[in-house]
Each structure stands twice: as structure tokens, then as C-alpha cells.
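In: Here is a sequence together with a model predicted from it:
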Amino acid sequence: MSDETGAALPGLLPDRFRQAAKPGTVLLRLETTRSREGVLDGAWWPRSRDVEAELPGLVRALTEHLGPVVSVGLDTEAWDDVPARLVVDGRSVHIDRYPVGDDTVIVTRGDRDHFSLLVVPPRASREAALAAMARAVEADGSDSARQILVATGIGSEAPGEAS
């Protein structure tokens, strides 16, 4: 999703996006610079912790903007019933499963092109989720996913839980 002018606060989504986003709405933001020097390349706010329900939408959106996704790495402790792979639009997407608790997903396209996305817990408030997503796409951002979630009031629980 590209940024437009007219954001209510610097670094936040424009008002029309903020108003349209309801708790549980899937939102994806990607860093708009080509440098990709920050810790994170974007943020994703899924509706639930159901991988089979949520991941196909993410893969479709990323494929549209970045090209074919070959694998997604995610924290098994933060998701319900993680399969080894999913078929999305006729393409097999390998799922790398790690018990890392780092509040991210790692998306791979091609052989070695990795994108690290903050995962905002599904039950996060709209304001906190949008603030976390805005921080995740700051150019040259040095905060980890956990630091962003804590700073926006989302990350006080154990990884994988929502406030």
C-alpha cells in the first residue's frame, strides 16, 4: 500500500486509510525506499492466528507487488497449526517453522531475496496497530519488531499473544 499525502500525524497512514481500518482488518505496509537498510521491510496486521486463512492473502498481495513468493518463515508459537506448505493460486509456498518468538514473518522471493515483516497481533487496537506499522516502515529503522510492539503498547504480553 503506498503512502499518500494528508496523513493526520507524521509517519501514520493518511486519514482515509486510518478510518477504513477496523480491528481485525488485514493491512500490509511495505517500506517504499529501495535501500532496504532498516531492520524491517514492512508490517502485516492479520485478522487471526490461522495460517491457512491469513497467509494466502499476504502471499497474493506480496506476489502482486514483489513477484512470486517461494517461502514464508514464521514463529510456530505465534500461530495455530502451522503446515509445512500452502498452495496459493496454484503455486506451492514452503513454510519455514521456527520457535523464535520474534514477532516477524520472513518472506522469500527468488533464491535469496528476503523481506522481514513485523506481525501486529490480530487483537491490537486500530490506533496501536497503525502506529506500529508506521514505525516498521521508517527508512533506516533500527527498532526490532518487539521494540516497536512494546513502544506502541501492543507488546507487553508474551510473543504471539495480543492485547
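Out: Here it is on my side, so go on.

In: got any ranges where the protein has weak pLDDT?
Out: Judged by pLDDT under 70, the chain has its weakly predicted residues at 1-37, 156-163.

In: hey, where'd the helices end up in it?
Out: Here the chain has its helices, by DSSP state H, at 15-20, 51-66, 126-136, 145-151.

In: Just the C-alphas of the third one, formatted as PDB.
Out: Think helix 126-136. C-alpha atoms of helix 126-136 as PDB (Å, rounded to 0.1, in the frame of the first residue of the first chain):
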ATOM      1  CA  ARG A 126      -6.600   0.100  15.500                       C
ATOM      2  CA  GLU A 127      -4.500   3.100  16.600                       C
ATOM      3  CA  ALA A 128      -1.800   1.000  18.100                       C
ATOM      4  CA  ALA A 129      -1.600  -1.300  15.100                       C
ATOM      5  CA  LEU A 130      -1.400   1.600  12.700                       C
ATOM      6  CA  ALA A 131       1.300   3.300  14.800                       C
ATOM      7  CA  ALA A 132       3.300   0.100  14.900                       C
ATOM      8  CA  MET A 133       3.000  -0.400  11.200                       C
ATOM      9  CA  ALA A 134       4.200   3.200  10.500                       C
ATOM     10  CA  ARG A 135       7.200   2.700  12.700                       C
ATOM     11  CA  ALA A 136       8.100  -0.600  11.000                       C
END
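
In: buried residues in that helix?
Out: For helix 126-136, a neighbour-count test (16 or more other CB atoms under 10 Å) marks Arg126, Ala128, Ala129, Leu130, Ala131, Ala132, Met133, Ala134, Arg135, Ala136 as buried. C-betas here are computed from N, CA, C, even on glycine.

In: excluding its backbone neighbours, what's nearest Val59?
Out: In space, and not counting its chain neighbours, Val59 is closest to Val88: 4.6 Å by CB to CB, 6 or more residues apart in numbering.

In: any idea which residue sits dead centre in this protein?
Out: Trp44 (2.3 Å; CA atoms, centre = their mean).

In: Burial-wise, tell me which of the helices of the chain comes out on top.
Out: Per residue and on average, the most neighbours among these fall to helix 126-136, with a mean of 22 (mean count of other CB atoms under 10 Å).
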